[in-house]
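Enquirer: Build me a model:
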Amino acid sequence: MKRAITCVLAAIIMAATVPALSQTSAEKDECLLVAKGCAHEVDSIQQKVHKLDNEIKKGTRVYTPEELKALELKLKEVNELLDTMNKPRGGR
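Expert: Purely as a prediction, here's the structure:
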């Protein structure tokens, strides 16, 4: 009897945690984070800045601190690229 109860409790616990784990990964933008699942996505620089900003705002409820640092670094790089492209060229 105890074994049956233990098995049922284990099944309930596993069923409760699996959706929570999959929900967290579904909220993450794997394309921005690790360039996974984005073979057909082409974003403008402005769109990428917007997406990165939105993902960073999700904070630690979705991303680990390391992932947030990676996203912030990517946002910084994209902003630097945008700044470089917007600088006026001298001479012409």
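
Enquirer: What is the neighbour count of Val78?
Expert: Neighbours of Val78 under the rule other CB atoms under 10 Å: 18. C-beta: built from backbone N, CA, C; applies to glycine.

Enquirer: Please report how far it lies from Asn54.
Expert: Plainly put, Val78 is 13 Å away from Asn54 if you go by CB to CB, to the nearest Å.

Enquirer: in the protein, which segments are predicted with low confidence?
Expert: Applying pLDDT under 70 to the chain flags the ranges 1-26, 36-37, 91-92.

Enquirer: residue ranges for the helices of it, please.
Expert: Applying DSSP state H to the chain gives helices spanning 2-27, 30-34, 45-58, 65-86.

Enquirer: Now the third one: buried residues?
Expert: In other words, helix 45-58. Applying a neighbour-count criterion of 16 or more other CB atoms under 10 Å, one finds 48-49, 51-52, 55-56 buried in helix 45-58.

Enquirer: Reformat these into TSV and put distance to Gly90 next to each item.
Expert: Compiled in TSV, the buried residues of helix 45-58 are given as follows (distance: CB to CB, whole Å):
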residue	distance to Gly90
Lys48	28
Val49	26
Lys51	33
Leu52	31
Glu55	36
Ile56	34
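
Enquirer: Closest one of those residues to Leu68?
Expert: Checking these against Leu68 by CB to CB gives Ile56 as the nearest, at 6.4 Å.

Enquirer: What sits closest to that closest one if chain neighbours are left out?
Expert: Leu71 (5.2 Å; CB to CB, 6 or more residues apart in numbering).
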